[in-house]
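> Structure of the sequence below:
(chains A and B)
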Amino acid sequence: MERIKVSKLLKSVEFGMDVNVKGWVRTKRGNKNVAFIALNDGSIIHNIQVVVDVEKFDEETLKLITTGSCISVIGELVESMGQGQSCEIQAKEIQVYGTADAETYPLQKKGHTLEFLREIAHLRPRTNTFGAVLRIRHAMAYGIHKYFNDKGFVYLHTPIITGSDAEGAGAMFRVTTLDAANPPKNTDGTVNFVEDFFGKSTNLTVSGQLEGELGAMALSEVYTFGPTFRAENSNTPRHLAEFWMIEPEMAFFEITDNMDLAEDFLKYLISYALENCADDLEFLNKMYDNELIERLKFVVENPFERLPYTKAIDILVNSGHKFEFPVSWGTDLQSEHERYLVENHFKKPVILTDYPRDIKAFYMKQNEDGKTVRAMDVLFPKIGEIIGGSQREEDYDKLLARIKEMNIHEEDLWWYLETRKFGTAPHAGFGLGFERLILFVSGMSNIRDVIPFPRTPKNAEF
RNA sequence: UCCUACUUAGCUCAGUUGGUUAGAGCAUCUGACUGUUAAUCAGAGGGUCGCUGGUUCAAGUCCAGCAGUGGGAGCCA
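All right, here's what the predicted structure looks like:
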């Protein structure tokens, strides 16, 4: 008999037919006459209740059905006699695929702390919480591709191993096949990477942006969506050493077009979650964050506040609010400043633009004032910076001057500079941290709980 | 990396000014119960008190170092 998924079954109203479901047992309870098994196959947050007439089954088989075990059930789909579910399966045949020793299986019927579940990341997808988060994560990944595809963007695969050390987005992980204990050396004692696999020093990418720009200078609109690596010793609920990032890059877009796209993109994804992940969001709203759904709707329905950095500084200085770090023009905003703007002053997402050039990357387009660049950061409640982007400097001379000024090796970027030499065009783009998006959409508060197997300093288990 | 808190049963936590044999709830096991919803009720088993060292007649409790985890900060997405 063909297997039917629980998600499909719970929507079915055709009582009286025999069905086959397969899944993992969440709980079993009952008495010597009747047993109730809550079965889940991950297709939906809800379980299907399997009713077992105890005397019709072998006692030894029923004993094997414990929390965590995996079974296949054939039975009749009937209207439930009990409260709490509309339909259930009256079991006729049960096959046990895999037992789960009750004394050692770590997941209980009772709730667990997220900290404990992180220690058993191989089993936590079997919980309601992680089932919900992982389904939402999937829906967001799909929504991202759908959004860009519908808009005519080309999905560009940028390299994961990079020889460019000039991306400037943080510490990198080295990629090498050299013997760590005994690497070939130059006469001055440094490691000779000419003998390494690629004939030069290579690292894992910290951003696909520079290559993304190369694609945009031919295909007009491109986006990347792939893993990104930062070797920073960051121990916070918002950072991972390995995370996924979405980086659209658009020719002929100026900074305002970039902001429009970023806002529309975020609103599309949040709407997509509200429409397609309603059950999972309701669960998370109930269990973790009572204002989650309300907050998601608010973000979709209200325009983001847009203002230049300089104006934000004025607001902060005149706020009368006591900050731990003083506010002054020319310094980067601290978390507390961003939080004040988003959560206290505007009470909605904020897009800040035109930051001082000295605190931003070399590739950002320089404004006429000689002091600021066309950067934009999208700040969200609870999680802070969710998007960072800019219009790019398309003028060869200005870009080269900035590279020299910041002591970046221009010879490493010859290919990047050539796009400004041959058919340059105004263009812009941004980066969205995928896990930060999931954090916001799911209402979870630690980034380690929105990726299946988190990589953080001192942790690469599983 | 810095600041701070925490680490006691499978899980979540109590544990008094240092003082006999370290407790509870849940989970597990056994039994009871004719349809349960984190079922309920009764009983039982379950501990190197994170690790190392120190103070003391005596350390889960006080001190030091180390490790891990949470929260905050920095770096950023």
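
> Look up the closest residue to A:Gly199, ignoring the ones flanking it.
With Cβ to Cβ, 6 or more residues apart in numbering as the criterion, A:Gly199 has its nearest non-adjacent residue at 7.6 Å, and that residue is A:Phe193. (Glycine included, C-beta is placed from N, CA and C.)

> residue contacts, A:Val51?
A:Val51 makes contact with A:Val34, A:Ala35, A:Phe36, A:Gly75, A:Glu88, A:Ile89, A:Gln90, A:Ala91 under the criterion Cβ atoms under 8 Å, 6 or more residues apart in numbering.

> Out of the residues you listed, which is nearest to A:Tyr142?
Nearest to A:Tyr142 among the contacts of A:Val51: A:Ile89, at 30.2 Å, using Cβ to Cβ.

> Report the beta-bridge partners for A:Val78.
Applying DSSP bridges to A:Val78 yields these beta-bridge partners: A:Glu88.

> Tell me which residues touch it, please.
With Cβ under 8 Å, 6+ apart, A:Val78 has these contacts: A:Phe15, A:Gly16, A:Cys87, A:Glu88, A:Ile89, A:Gln90.

> ok, and what's touching stretch A:294-304?
Stretch A:294-304 has contacts (Cβ under 8 Å, 6+ apart) with A:259, A:263, A:266-267, A:270-271, A:273-274, A:281, A:348-351, A:378, A:380-381, A:441, A:443.

> right, I mislabeled it, should have said stretch A:80-93
Counting by Cβ under 8 Å, 6+ apart, A:9-10, A:12-13, A:15, A:18-19, A:21, A:48-53, A:57, A:73-79 sit against stretch A:80-93.

> same deal with stretch A:312-325?
With contact meaning Cβ under 8 Å, 6+ apart, stretch A:312-325 is reached by A:327-329, A:333-334, A:336-337, A:340-341, A:344-345, A:350, A:352.

> any chance of these in JSON lines, plus secondary structure and pLDDT?
Converted to JSON lines, the contacts of stretch A:312-325 look like this (DSSP: H, G, I helix; E, B strand; the rest coil; pLDDT from 0 to 100):
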{"residue": "A:Val327", "secondary structure": "coil", "pLDDT": "90"}
{"residue": "A:Ser328", "secondary structure": "coil", "pLDDT": "90"}
{"residue": "A:Trp329", "secondary structure": "coil", "pLDDT": "93"}
{"residue": "A:Leu333", "secondary structure": "coil", "pLDDT": "93"}
{"residue": "A:Gln334", "secondary structure": "coil", "pLDDT": "92"}
{"residue": "A:Glu336", "secondary structure": "helix", "pLDDT": "91"}
{"residue": "A:His337", "secondary structure": "helix", "pLDDT": "94"}
{"residue": "A:Tyr340", "secondary structure": "helix", "pLDDT": "94"}
{"residue": "A:Leu341", "secondary structure": "helix", "pLDDT": "95"}
{"residue": "A:Asn344", "secondary structure": "helix", "pLDDT": "92"}
{"residue": "A:His345", "secondary structure": "helix", "pLDDT": "94"}
{"residue": "A:Val350", "secondary structure": "strand", "pLDDT": "96"}
{"residue": "A:Leu352", "secondary structure": "strand", "pLDDT": "96"}
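
> Contacting RNA strand B as well, which ones from those?
Contacts with RNA strand B are made by A:Gln334, A:Glu336 out of the contacts of stretch A:312-325, judged by Cβ under 7 Å from any atom of the strand.

> Thought A:Leu77 was touching A:Ser12, still the case?
Yes: under the criterion of Cβ atoms under 8 Å, A:Ser12 makes contact with A:Leu77 at 6.8 Å.

> Mind telling me what element A:Arg118 is part of?
A:Arg118 belongs to helix A:114-119 when assigned by DSSP states H and E.

> in that helix, what's buried?
By neighbour count on 16 or more other Cβ atoms under 10 Å, the buried set for helix A:114-119 is A:Leu114, A:Leu117, A:Arg118.

> what residue lies at the spatial centre of chain A?
A:Glu435 (2.1 Å; Cα atoms, centre = their mean).

> Show me the contact partners of stretch A:246-260.
Residues outside stretch A:246-260 that contact it (Cβ under 8 Å, 6+ apart) are A:144, A:148, A:153, A:207-209, A:212-213, A:215-217, A:220-225, A:261, A:265, A:304, A:306, A:351, A:353, A:365, A:374, A:376, A:389-391, A:425-432, A:434.

> Swap in 7 Å and give it another go.
A:144, A:148, A:153, A:207-209, A:212-213, A:215-217, A:220-225, A:261, A:306, A:351, A:353, A:374, A:376, A:389, A:391, A:425-432, A:434 (Cβ atoms under 7 Å, 6 or more residues apart in numbering).

> Mind checking if that stretch is in reach of RNA strand B?
No: residues of stretch A:246-260 are not located near RNA strand B by Cβ under 7 Å from any atom of the strand, the shortest gap being 8.5 Å.

> Report the distance from that stretch to the chain centre.
How far stretch A:246-260 lies from its chain's middle: 21 Å, per Cα atoms, centre = their mean, to the nearest Å.
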